[in-house]
Each structure stands twice: as structure tokens, then as C-alpha cells.
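Trainee: let me see the structure of the following:
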Amino acid sequence: MLFQFIYTTQPREWEKLKAQHGAEVKQKFLRRLVKEIERRGTLDVLRKGIKDYGCKFQLAYFAPASALNVEHVRAYRGNILSVIRQLKYSEKSEKSLDLVLFLNGLPVVTAELKNHLTGQTVEDAVRQYRKDRNPREPLLSFGRCLVHLAVDDDLVYMTTRLEGKNTRFLPFNQGRDGGAGNPDNPGGYRSAYLWEEIWQKDLLLEIIARFLHLKEEEKNGKTTKTLIFPRYHQLYAVRRLVAGAKKNGPGESYLIQHSAGSGKSNTIAWLCHQLSGLHDDADRRVFDSIIVISDRRVLDRQLQNTIQQFEQTKGVVEKIDKHSSQLKQALEEGKNIIVTTLQKFPFVTEELGSLPGKKFAVVIDEAHSSQTGESTKSLKAVLTAANLEEAEKQDAVEEDVEEEIIREMQRRGRQPNVSWFAFTATPKTKTLELFGEKQPDGSFVPFSLYTMRQAIEEGFILDVLENYMTFKVYFSLFKKIEADPKYDKKKATYLLRSFADLHDHAITKKTELIVEHFCNHTKGKIGGRAKAMLITRSRLHAVRYKLAFDRYIKQKGYHLKTLVAFSGAVNDGGLEYTEAGMNSTPGNPIPESATADTFALDDYRIIIAANKFQTGFDQPLLHTMYVDKKLGGVNAVQTLSRLNRVYPGKDDTMVLDFANEAWEIQEAFAPYYEKTILSEGTDPNKLYDLQRAILEFHLFVTEEVDRFAGVFFSSQARQEKLYALLDPIVTRYTELSAEEQDNFKRQLTDYVRLYAFLAQVITFTDAELEKLYVFGRMLLRKLPAPRNRLPVEITENINMNSYRIQKMTEGKINLAGGEGVLEPLSGLDAGRRGEPEIEPLSQIIQDINTKYGTNFTEADKVFFAELQTRLSTNQTLIEGARVNSKENLQLAYNHMFMDELQTMIDTNFEIYKRITDDEDFGKFIMSRMFELVYDRLQQGEI
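Mentor: Model (predicted):
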């Protein structure tokens, strides 16, 4: 195919080379080509061709900007796309790839294809690439093939670098009902778009020419290379936007609602470069310049660098970060891509209106409040409010970039020579109306959508609403004067509540709660590197919190540092405070511009922010947010979303909210977050309400709870003693009516669940609550099932040996069936499977005995066998293993291990007690069990 392409498209050049090399021309050309691919990579060779003895050869021709260049069109049509099934790629074995796509004889795509109906899924393809495809093989080495795809009839995953077990696969799926996956396909497979669209000749060539990007980064003196292949929504959005701009020309507006985690910077970079080279059917440029507006006063380095890196011709991108005359000159000269800041936006709109002969595309990056929090009216206004109430009012009006843009556009009116492309994760009503697509019913919708739910389900961001805690403040006021004047009730109520909420004493108490919570719950997260942010109501609040935090931390002797973030200067008590002044210490000046970078250092764990860093701030180690400010609508979503960045070892987040109700936050997220999981059961006093309701059934008294706890927490705890204490209560329970049984069980279940959550965050200790929790958790397992349904709970008390053997045998039957189907299709060594299950368990037990000097009974061995089987057949772990790295999977496994262990407490109480009481022993068991479970999941034994 290679030589056929060259003969057809470049016959003269080939003849010149043939005159140089004679009969060995093919062999010498191939050697030269292989050397260039090894040095530069396939992508660069396809785009720029190679030179050999004074002859220049193109290895591919890409679509011309217009069809007027007949020769270019003819050459483009000469490209040859071919495919080989079951390609043997190694000289060392007979292993083969299911499918390899070639462009003009050069391999560009590999694919492993699986089918649910034969018992194989995309996870088998992912596992095959990770465990059975050696990246040292020439065809599989980085840069040789452009992308490797794991495919089944439902899903598609991709990677551009094979690294054995560390290979990271990303979803390449369309999305399904606002979440992950692919929609149903009436005509066939859900994944059919891959070959029906992506692998079509024109689109595949377009992806290679305009989307694939080799990113190079310098880190610690080393250059790392990453080949970026677009995710489906990025490809779809950019192509639709470009097609719309070509069809409609300038004067249009487009709204792109892409969530955090969507890869927005890359999407903007692809869009800008493609718009800059866009021509209409008459070969005229659709836009003379592309202007990118970032909402940061300091030009967004990530966005700027991304756009510059994507340029294939130097000088295409012009950065405007100085004066307006620099911007004016760039616009007049028709620079291709101009990147500037929001502060120059009014000048941009004026200048665009004064250049009616030129056509522009304006790309707005994240139309929302600026992270700097600097007011557009007075950047350095000094706050002189006498008290916190006044401070809150003065700082209540935040800079709103979206409003600024809309106001400026409305002032200028719609300009026929300008098209607008607005990117935002959280569009407001006005934004939708200004940039959205109007529907026949009069509503407006985004042109392109990638939801928060899909980003969460695909693993690109975390769900910040999973762990949300709200606090209520109770207080009592008294009148200090004899007179009793009258006031407007509504206004007076607001002021009185503000007085209570904003009193200095409130700051002191909240400081203690926040710092203690951080030290006890957050500090150890993410491998001991977790950070937190406190959102305050005003700059004066931030100042006083900073002083209170530092005072309390010093008093307690805690080893952690704090930073504060606010704009301008604050005058309090005759002293003037600035961000830089409060953050700097003798010998360690920290200018305001360095606050974000300083917070990234390990020593700095908490940042106190007032109208700053609430949007556009990217710190993946941020785990917990303390909210002491009213949040609403888009502002709530943007603020809380600072926590959603993923990071190795970060498997959850936490919010403690002193100012908002749970329903308010839920309401704020609803338009942008399809799957809201938010419980309102956050008032710790509800535990006392439930405790009282449970005791009112008179099934037991507190003395019985105390006796149970005394046995349970004893180092000599015996399971039979616990049963002896629970059985009389179970008997009393059975004497209740069916309705009373149902009510009691529901109340006790609510208590156990609520305490399990609140115990993570409450700042007080109540031994009675803890004892009732342990007692209630065990009692629920003993209570008989309702009389009107099958007694499922009784399975916990079935004879252990007979029940456990049945479960293990059932697992083995499933595995055996899978082996017969999977083995011939996957090409895996048949001898790898079917080892007796007892072997790895024996090894685990031997390791434990060696390490801890423990001799386990047969009952212990059955316990571990059952625990392993339960974990290996856990659907969450099975599904998670398909798309997660081993490290990320272990985070989910740790939770599942404890959940399954809890359900088996009655099976072998002694071994359960040791695992939970002996931290080292428990960690060892959990770790060794994970290795066994992971191997089974990877080998497809489930």
C-alpha cells in the first residue's frame, strides 16, 4: 500500500529517488522511513513527510481548505486506508491483534474487539492490552500507532500509550441520557459509530491532520511526551461548531456547556486553530482573526500554553497581556489567533465595531465570576467598614464576568462581522438567551452539551455532593435597654440574625470546629496531603478568620500553615491588612500573585478566601470545603466544584456548610447535575430524637445497651455472650404487632445509618450514642424478617459450612463456563486458568502465619474463602476493574472490603474482631486479599 500510494501521488519524485538508489530503492527507502518514524513518530511523519537523498515525499495528503486546488484534491483522493484482521505483530510469538488500520501502508490504529454474546466485554480488551500486549514490540511502542482501542458491542475505550498494567484507558463514548455510555442503536450495536463514523476515511484523516496532538512538557529536567487523542464529545463539538461557522459565516452565537473534567482547554485550542484556517466554498477565509477572551486578569497560562502548543505553524498565536495598542495592532494586522484577558474586552468590542471590513470569531473561556475577585469598578478599594455586618454588605456584590460580557455586548448590539463561541459549565438565564439556540417553543438550549453527570460517571471529576454536612446555629438574644422601640419586622429580623451569625464569638467557635475537623478528618486524606478551603462572607471576615486560625493553631501546637486570599486592603481596628502582608512571614515574603502557587506547597493546608479562588482555581489536593457564606444558583455550583478535581488517592470530598440549607444546594445543582445525591439528615440532634423514639418502644433499657457494649469492646469479647444479650430483646420484638415491628426496625435502621455518617464530622463525643450504634447495628442482624415476605436475613444464620460451600461452588461453576468461551477467542494461554481456588488462599494463610505467628482454624479458612468470593463477585468491583487503574480500583475495594466484612460478623466473630481491632493485622489482610481479588478480576475468572 505504501508504494502504491507513492507511485500514484508522487511518481516524479519516486523516479528521482530511483535514479539515486537503483534496484535497492525500495529497501533503502523503507530503512529511511523506519528510522524517521523511530525518531519523530508516525504522526509527524504523516503530517510533514520525509526527505531522502534530496527527494521529498508526503506520506499522506490531508483535505485542502477548499476544493479549488484541483491538484491537492487529487492527491487527497489518492490516500489509501486499509485494514488487516488478526495481524501477527511479533517475531517472538504468534500473538495477533484483532484489527489494525493502515494509512498508506503505515499502521495508525489497533483494536481489540469483544462481544457480550461470547462472554467477553471491553474490560477483557483493556486487560488484554495491559497484560498481554508488550509495549516494547515495535508496533506497540509509543508513537508508532496513534491510538489503541478496546471495543465491545456497547462501549469504546482508548489509549495512546501502552504501559503494561499502568496503561490508562479513557472512554470514547457518546454519552447516554446525560451520563456515561452510549445510546441504543436501532440499527445495530451501540458502538457502531466507531466504524460507521470515526473509521471512515475522511474523518480519520481529519483526526490525524487536525486533532491529534503531541504534548511535550519539561518536568524535573526531563521531557515527557503525551499523544492527545480527542474524546468523543470534544471531536463532536469542534466539528459541529466548525461546520456551523462555515455554513452560517460570521454574526452567529454558539453556547458550549461543557462540565469541569471535559478537557475544555483542549477543546478551545482545537476550535481556535480550525476556525483560523476555515475557508468557505469560494476559498475565502471565514474569519480574519480568532480572539480568545480569558476571564483572568493574569492571562490563563494553561489555556495560553495549550493553544500555543497546538499550533503546527509557528507565529499563529499572539498573546496580548500588555497595553491596548498591542491588541489594536494585532487586530488590524489580522493575526490568526489572539489571546487576551477580560479586562480588555470593552476595547475588543469597540475595535471590532471599527473594523467592519474584517470578520472575527470571539471565543469566551468560562463565562463566570473571575477567580481573582477583583472588582471591575475599584480594584484596590480599601474596606473601612466598622463591623462585620457592614463588611458582608459591601462585599456582597461580586464581580460577575458573565454579566460584564452580556452588558458590553448589549451596549454594542449584535455585530454582523463577529461570531461568538461561549464556553461555560454553568450558563445563566441571560447567557442561554444570548448565546443559546432558540427552539420552536421559544426556549434556548446549548449548542453542545457535556454534563456534570457524565464527567462524574466517566471518572473525570468527583461528585462534591456525596458528603455534605450542614450546621444550624442556635442562639438567644436579650434586650439591654428599657425602651421598646418599633422596627420593620423583616429588616429587624435580618439584622438580628446577622448580629448573631457574625459576632466575633461565632468566628472563634467556628474556628475551633473547623481546625479540629481538619486535623481529625481531613489532614490524613490523599496520603496525608489533603487541603481545605474556607469560604467567608467578606474580606473582613477573612482577615478575622486568618487571625483566629493562626492563634488557635499556635495555641494547640498543630503543625500546619494557613493562607488568606482577598483583594485590596482591609482596615480593622485601626490596622490595615493585605493578602500579601498576612501571608508573608519574616524571611518569607509571599506576594499576592504567588498565593495560589504557595498553597500548592505541602506545608500550607488551609486557605481562607473572600470572593477569590471560588472559580477557576485548580488545586486537585483540595478535599474539604468549609462554607460560611450564603451561596445560591450558579455561584454555589462553581464554588463547590473547586473540590471535584481527581487525584491519585482522592476518592471522596467533604463539605461543612454553616450558612446554607441542604435543599438550597440541591436546588442550585439541579439544572447542571442530573444525579443529585444529597441527604438532609445532617442535624446531629436528630440522633437524640431517634434515640428517644427507639427507647419508647420499651424493647430494652439503657442498662442492657451498656452491658452489650461492655462485652463488645472488651478484649475478651465472645460471640456467644453477645448472642445471650441480644436474644431476649429479639423475643420481645417478636411479640410486637407487625406494624410496631416495622416502625421499630425503620427507626433503628435510620439511627444506625445516620450515626455512621455523622460520626465522621460531629465535633462532640457522646458515649451513649456510640454504644447504641454498636448495639443497634448488631441487633438489626438478629431481628427476624417481616412475616409478610421471605426471611432473607436468616441467611446470615445458616450453617456456615454448608452455606459457604454452596456459594463457592456456584462461583466455580460460573468461572468454568467462562473459561470454555473466553479462552479460544482471547488468545490467552489456557494453562493460566482453572487453578484450585484453595491454592491462593493457602498462600495467604501461610503469609499471615509467617508474619503474625497465627495458626488459623478450618473455620477461619472458610471465612477467608467466603470473603474472597464475595469480593470477587462484587459487581461494583467487577465494573470498576474495566476502566480503572489498579490504584484507583483499590480505593473502591477498601470500602467494599469493610462492607463485606461487616456483613460476615456473625460468621466468625473472633477473626472479625481481630481484623477490626488490630490495625496492622487488618491492613495486612485487606492488602493480601486485594491482590488475590484483583488477579481474579484481571484473569476474567468471574
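Trainee: so which bits of stretch 746-754 are buried?
Mentor: Neighbour-count burial for stretch 746-754 flags 747, 748, 750, 751, 752, 754 (criterion: 16 or more other C-beta atoms under 10 Å). C-beta here means a position set from N, CA and C on the backbone, and glycine is covered the same way.
Trainee: any idea how far residue 272 is from the residue nearest the centre of the chain?
Mentor: Centroid-nearest residue in the chain: residue 461, 1.4 Å away (criterion: C-alpha atoms, centre = their mean). Counting by C-beta to C-beta, to the nearest Å, the separation of residue 461 from residue 272 is 24 Å.
Trainee: same check on residue 685?
Mentor: 55 Å.
Trainee: what's the answer for residue 650, then?
Mentor: According to C-beta to C-beta, residue 650 and residue 272 sit 32 Å apart.
Trainee: who has more neighbours, the two?
Mentor: Neighbour totals were compared for residue 650 and residue 272, and residue 272 leads with 27 against 21 (other C-beta atoms under 10 Å).
Trainee: wait, doesn't residue 59 sit right on residue 106?
Mentor: Yes: between residue 59 and residue 106 a contact is recorded at 6.4 Å, counting by C-beta atoms under 8 Å.
Trainee: of these two, which one has the most company?
Mentor: Neighbour count, other C-beta under 10 Å: between residue 59 and residue 106, residue 59 has more, with 24 against 19.
Trainee: all helices of the stretch 201-350 of the chain, in order?
Mentor: Along the stretch 201-350 of the chain, counting by DSSP state H, counting those that start in this stretch, helices occupy 201-206, 232-248, 264-276, 301-310, 324-333, 345-353.
Trainee: least reliable of those going by mean pLDDT?
Mentor: Lowest mean pLDDT of those: helix 301-310, a mean of 61.
Trainee: now do the contacts for residue 774.
Mentor: 708, 709, 712, 713 (C-beta atoms under 8 Å, 6 or more residues apart in numbering).
Trainee: show me the residues you listed that map onto helices.
Mentor: 708, 709, 712 (DSSP state H).
Trainee: the last one and residue 155, how far apart?
Mentor: Right, the one you point to is residue 712. Going from residue 712 to residue 155 by C-beta to C-beta gives 46 Å.
Trainee: the more surrounded of the two?
Mentor: Using other C-beta under 10 Å, the more surrounded residue of residue 712 and residue 155 is residue 155, with 22 against 18.
Trainee: burial of residue 161, as a residue count?
Mentor: Neighbours of residue 161 (other C-beta under 10 Å): 17.
Trainee: which phi and psi does the nearest residue to it once chain neighbours are set aside have?
Mentor: In space, and not counting its chain neighbours, residue 161 is closest to residue 142: 5.0 Å by C-beta to C-beta, 6 or more residues apart in numbering. Per-residue torsions, residue 142: phi -60, psi 130 (degrees, to the nearest 10).
Trainee: residue 892 too?
Mentor: phi -70, psi -40.
Trainee: which parts of stretch 270-279 are buried?
Mentor: Buried-residue list, stretch 270-279, by 16+ other C-beta under 10 Å: 270, 271, 272, 273, 274, 275, 276, 277, 278.
Trainee: and if you look at stretch 915-930?
Mentor: Neighbour counts over stretch 915-930 (16+ other C-beta under 10 Å) mark 915, 921, 922, 924, 925, 926, 928, 929, 930 as buried.
Trainee: what's the answer for stretch 111-130, then?
Mentor: 111-114, 119-130.
Trainee: and what of stretch 56-73?
Mentor: Result for stretch 56-73 [16+ other C-beta under 10 Å]: buried residues 57, 58, 59, 60, 61, 62, 63, 64, 72.
Trainee: so what's the residue found closest to the fifth one once you drop the neighbours it is linked to in the chain up against?
Mentor: Yep, that's residue 61 we're talking about. Excluding its sequence neighbours, the residue lying closest to residue 61 (C-beta to C-beta, 6+ apart) is residue 75, at 4.1 Å. Listed by C-beta under 8 Å, 6+ apart, the contact set of residue 75 reads 9, 58, 61.
Trainee: how does the chain divide into domains?
Mentor: 2-77, 81-227, 230-450, 468-669, 685-794, 800-938 (automatic domain parsing).
Trainee: as a markdown table, these with distance to residue 456 would be great.
Mentor: Formatted as a markdown table, the domains of the chain follow (distance: least, C-beta to C-beta, whole Å):
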| stretch | distance to residue 456 |
| --- | --- |
| domain 2-77 | 32 |
| domain 81-227 | 8 |
| domain 230-450 | 8 |
| domain 468-669 | 8 |
| domain 685-794 | 20 |
| domain 800-938 | 13 |
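Trainee: which stretch in the ones you listed has the least confidence?
Mentor: Among the domains of the chain, domain 800-938 scores lowest, at a mean of 59.
Trainee: neighbours around the nearest residue to residue 556 once chain neighbours are set aside, how many?
Mentor: Once flanking residues are discounted, residue 556 sits nearest to residue 515: 7.4 Å by C-beta to C-beta, 6+ apart. Neighbour count for residue 515, taken as other C-beta under 10 Å: 21.
Trainee: which helix or which strand is home to residue 515?
Mentor: helix 504-517 (DSSP states H and E).
Trainee: buried ones in that helix, by neighbour count?
Mentor: So helix 504-517, judged by 16+ other C-beta under 10 Å, has buried residues 506, 507, 510, 511, 512, 513, 514, 515, 517.
Trainee: for the second one, list the residues it contacts.
Mentor: What that stands for is residue 507. 541, 544, 545, 548.
Trainee: the first one sits in which helix or strand?
Mentor: Yep, that's residue 541 we're talking about. Per DSSP H and E: helix 539-556 holds residue 541.
Trainee: helices or strands up against that helix?
Mentor: Where contact means 3 or more C-beta pairs under 8 Å, 6 or more residues apart in numbering; DSSP states H and E, helix 539-556 is packed against helix 388-395, helix 504-517, strand 561-565, strand 569-572, strand 604-609.
Trainee: got JSON lines for these, with distance to residue 250 too?
Mentor: Below are the helices and strands packed on helix 539-556 laid out as JSON lines (distance: least, C-beta to C-beta, whole Å):
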{"stretch": "helix 388-395", "distance to residue 250": "40"}
{"stretch": "helix 504-517", "distance to residue 250": "52"}
{"stretch": "strand 561-565", "distance to residue 250": "40"}
{"stretch": "strand 569-572", "distance to residue 250": "44"}
{"stretch": "strand 604-609", "distance to residue 250": "40"}
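Trainee: out of the ones you listed, flag the one nearest residue 935.
Mentor: strand 604-609 (37.5 Å; C-beta to C-beta).
Trainee: from residue 109, how far out is the residue lying closest to residue 197 once chain neighbours are set aside?
Mentor: Spatially, and ignoring its direct neighbours in sequence, residue 197 is nearest to residue 203 (6.2 Å; C-beta to C-beta, 6+ apart). Remark: distance between residue 203 and residue 109 (C-beta to C-beta) = 12 Å.
Trainee: quick one, which of the two is more surrounded?
Mentor: Taking neighbours as other C-beta under 10 Å, residue 203 and residue 109 compare with residue 109 leading, 23 against 14.
Trainee: touching, that one and residue 87? I think so.
Mentor: No: judged on C-beta under 8 Å, residue 109 makes no contact with residue 87 at a distance of 11.4 Å.
Trainee: joint contacts of those two?
Mentor: Between them, residue 109 and residue 87 share these contacting residues under C-beta under 8 Å, 6+ apart: residue 100.
Trainee: OK, contacts around residue 444?
Mentor: Contacts of residue 444 (C-beta under 8 Å, 6+ apart): 432, 433, 436, 437, 438.
Trainee: quick check on it: phi, psi?
Mentor: Backbone torsions of residue 444, given as degrees, to the nearest 10, read phi -120, psi 140.
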